[in-house]
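[1] Curious how this folds, go ahead:
(one chain, ligands or ions: 1)
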Amino acid sequence: MAINRRNFINLSSLGIAGFSLQGFINTNQVKVQKPIVIATWDAGINANKGAWEVLSKGGTALDAVEKGVMVTEDEISCCVGLGANPDRDGHVTLDASIMDHEFNCGSVAFLEKIKHPISVARKVMEKTPHVMLVGEGAQQFALSQGFTLESGNLSETADKAYKEWLKKSTYKPVINVERQSPTSQLEDKYKAPTRFANGDWNHDTIGMVALDIHGNLSGSCTTSGAGFKLRGRVGDSPIIGAGLYVDNEVGAVVATGQGEDVIRVAGASAVVEHMRQGKTPQEACRLVVEKIKRIKKEKANDIQVCFIALNKNGAYGSYALHDGFNFAVQSNDENKLINAPYNY
Ligand code: SD4
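    Below you'll find the predicted structure:
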């Protein structure tokens with residue numbers, strides 16, 4: 001049965017136990033919503049389209065999450081791929097990870113001049129006995145696999161932003177407070193109102209999790225990390241268990257926001273474990289966000305952390321520390337942006 005808005009409304013008005021507006025799950029009679037893909041931020045709309053081309057033809061979640069985030073890596077945005085903002089020394093350095101339904105995983109960190117870090121991460125997973133390659137070694141490996149070395153020149157947008165940053169040269173990561181990036185390439189119909197615009201937006205990520213028609217989950221994550229970061233800084237996105245985790249018996253989770261604080265709590269893995277204990281995807285995300293808030297105390301005001309989660313039944317949910325995070329959901333040919341619930 002196609003799960004659409006009318007089914008949601010009918011079921012909810014009947015008060016069926018276990019029905020949840022964050023997805024579709026009936027605990028008495030579980031219906032699996034598949035295929036389905038969800039991705040972080042407004043860039044997730046275009047990324048989902050890439051993933052849906054694979055999923056709608058019966059392709060695997062693994063292929064879908066790679067193809068999906070490649071769309072964002074190709075877009076000139078401030079935060080993903082080679083067009084992104086550089087580190088404080090003026091170099092774009094990229095982190096990415098991918099994980100399938102059988103605990104296979106691969107990642108790259110501090111990778112330079114390679115266009116599709118997510119595909120290098122997949123090669124690490126499939127062609128090496130390792131999980132993670134970094135820096136020069138990751139680049140050498142990429143070249144050995146046929147990837148091309150790109151110029152390393154900053155995109156026009158990043159060059160402008162870097163020159164602006166150099167005037168102050170302060171290192172103060174700023175939480176993502178806007179629902180759309182200044183360089184958003186979304187069609188107007190998807191654009192959400194920008195709130196709390198302060199002009200300081202400086203980091204972002206595309207993270208994606210998908211459930212395919214065969215009932216398998218996979219996830220991917222790719223980013224330039226925090227804009228104007230210290231050279232060599234690596235965030236949560238390439239750390240399996242922090243930025244990304246998939247357990248096919250339970251669910252798949254990806255994180256975005258202040259990576260250091262996601263790493264501290266093994267964020268994505270922690271969300272999966274809460275789902276294993278019976279929490280809904282949204283509750284599981286909320287519990288980990290609240291833990292980060294407790295740990296950070298008053299410093300929680302200054303950071304943003306967000307999770308999106310998809311369980312093995314295709315129910316999804318999200319939770320953010322602050323207002324301003326949204327994510328895109330594609331299923332049954334509908335692709336929509338949802339504002340995540342938040343703590344503050
Ligand atoms: C990082 N988590 O490198 C990434 C950045 C991010 O929204 O997701 N920004 O810390």
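[2] Show me the shaky parts of the stretch 1-150 of the chain.
    1-29, 77-78 (pLDDT under 70).
[3] all strands for it, in order.
    Under the criterion DSSP state E, counting those that start in this stretch, the stretch 1-150 of the chain carries strands at the ranges 36-40, 94-99, 105-111, 132-134.
[4] out of those strands, which comes closest to the ligand?
    The ligand sits nearest to strand 94-99 of all the strands of the stretch 1-150 of the chain, at 6.1 Å, using C-beta to the nearest ligand atom. C-beta: built from backbone N, CA, C; applies to glycine.
[5] related to what we said a few turns ago, quick check: which of the strands of the stretch 1-150 of the chain is nearest to residue 288?
    strand 36-40 (15.3 Å; C-beta to C-beta).
[6] Give the other helices and strands that the closest one contacts.
    On a contact count with 3 or more C-beta pairs under 8 Å, 6 or more residues apart in numbering; DSSP states H and E, strand 36-40 meets helix 43-55, helix 61-74, strand 203-211, strand 305-311, strand 316-320, strand 326-331.
[7] Format those as CSV; extra columns: mean neighbour count and distance to the ligand.
    Output for those, formatted as CSV (neighbours: other C-beta atoms under 10 Å; distance: least, C-beta to the nearest ligand atom, whole Å):
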stretch, mean neighbour count, distance to the ligand
helix 43-55, 25, 11
helix 61-74, 27, 12
strand 203-211, 31, 3
strand 305-311, 31, 8
strand 316-320, 28, 11
strand 326-331, 24, 12
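[8] near the ligand, which residues of the chain?
    Residues of the chain lying near the ligand by C-beta under 6 Å from any ligand atom: 176, 203-205, 223, 225-226, 235-237, 256-259.
[9] In TSV, list these along with pLDDT, distance to residue 295 and secondary structure.
    TSV is the format used below for these (pLDDT from 0 to 100; distance: C-beta to C-beta, whole Å; DSSP: H, G, I helix; E, B strand; the rest coil):
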residue	pLDDT	distance to residue 295	secondary structure
176	51	19	coil
203	44	20	strand
204	70	23	strand
205	88	21	strand
223	95	22	strand
225	90	21	strand
226	85	19	strand
235	95	17	coil
236	97	15	coil
237	97	20	coil
256	95	18	strand
257	92	14	strand
258	92	12	coil
259	94	15	helix
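[10] which residues does the closest residue to residue 126 other than its chain neighbours contact?
    Of all residues not flanking residue 126 in the chain, residue 106 sits nearest, at 7.1 Å (C-beta to C-beta, 6 or more residues apart in numbering). By C-beta atoms under 8 Å, 6 or more residues apart in numbering, the contact set of residue 106 is 97, 98, 121, 122, 123, 124, 125, 126, 128, 130, 131, 132.
[11] Check these for burial and list the buried ones.
    For the contacts of residue 106, a burial check counting by 16 or more other C-beta atoms under 10 Å picks out 97, 98, 121, 122, 123, 124, 125, 131, 132.
[12] what about the helix or strand containing residue 337, distance to the chain center?
    According to DSSP states H and E, residue 337 maps onto strand 334-339. Computed by C-alpha atoms, centre = their mean, to the nearest Å, the chain-centroid distance of strand 334-339 equals 15 Å.
[13] and it, average pLDDT?
    On average, the pLDDT along strand 334-339 is 94.
[14] Paired strands for that strand, with orientation please.
    Note on strand 334-339: by DSSP bridges, its sheet partners are strand 326-331 (antiparallel).
[15] Distance from the chain centre to the strand it pairs with, please.
    On C-alpha atoms, centre = their mean, the centre of strand 326-331 falls 11 Å from that of its chain.
[16] Likewise for stretch 223-231?
    With C-alpha atoms, centre = their mean, you get 16 Å for stretch 223-231.
[17] Could you give me the buried positions within it?
    For stretch 223-231, using 16+ other C-beta under 10 Å, the buried residues are 223, 224, 225, 226, 227, 228, 229.
[18] Return the member of those nearest to residue 152.
    residue 224 (13.2 Å).
[19] Distance check, the residue nearest to the closest one when sequence neighbours are not counted against residue 115.
    Leaving aside its sequence neighbours, residue 224 sits nearest to residue 84 (C-beta to C-beta, 6+ apart; 3.4 Å). Residue 84 sits 12 Å away from residue 115, taking C-beta to C-beta, to the nearest Å as the criterion.
[20] where are the low-confidence patches of the stretch 201-344 of the chain?
    Along the stretch 201-344 of the chain, segments meeting pLDDT under 70 span 201-203.
[21] rerun that using 90 as the cut-off
    201-205, 226-229, 301-303, 324, 332-333, 344 (pLDDT under 90).
[22] CA atoms only for the longest helix along the chain, dumped as CSV, please.
    In the chain, with assignment by DSSP state H, the single longest helix is helix 281-296. C-alpha atoms of helix 281-296 as CSV (Å, rounded to 0.1, in the frame of the first residue of the first chain):
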residue,chain,number,x,y,z
PRO,A,281,13.8,7.3,15.3
GLN,A,282,12.9,10.8,16.6
GLU,A,283,13.0,9.8,20.2
ALA,A,284,16.4,8.1,19.7
CYS,A,285,17.8,11.3,18.0
ARG,A,286,16.4,13.4,20.8
LEU,A,287,18.0,11.3,23.6
VAL,A,288,21.5,11.8,22.1
VAL,A,289,21.0,15.5,21.4
GLU,A,290,19.9,15.9,25.0
LYS,A,291,23.0,14.0,26.2
ILE,A,292,25.2,16.4,24.2
LYS,A,293,23.3,19.3,25.8
ARG,A,294,23.9,18.0,29.3
ILE,A,295,27.6,17.4,28.6
LYS,A,296,28.1,20.9,27.0
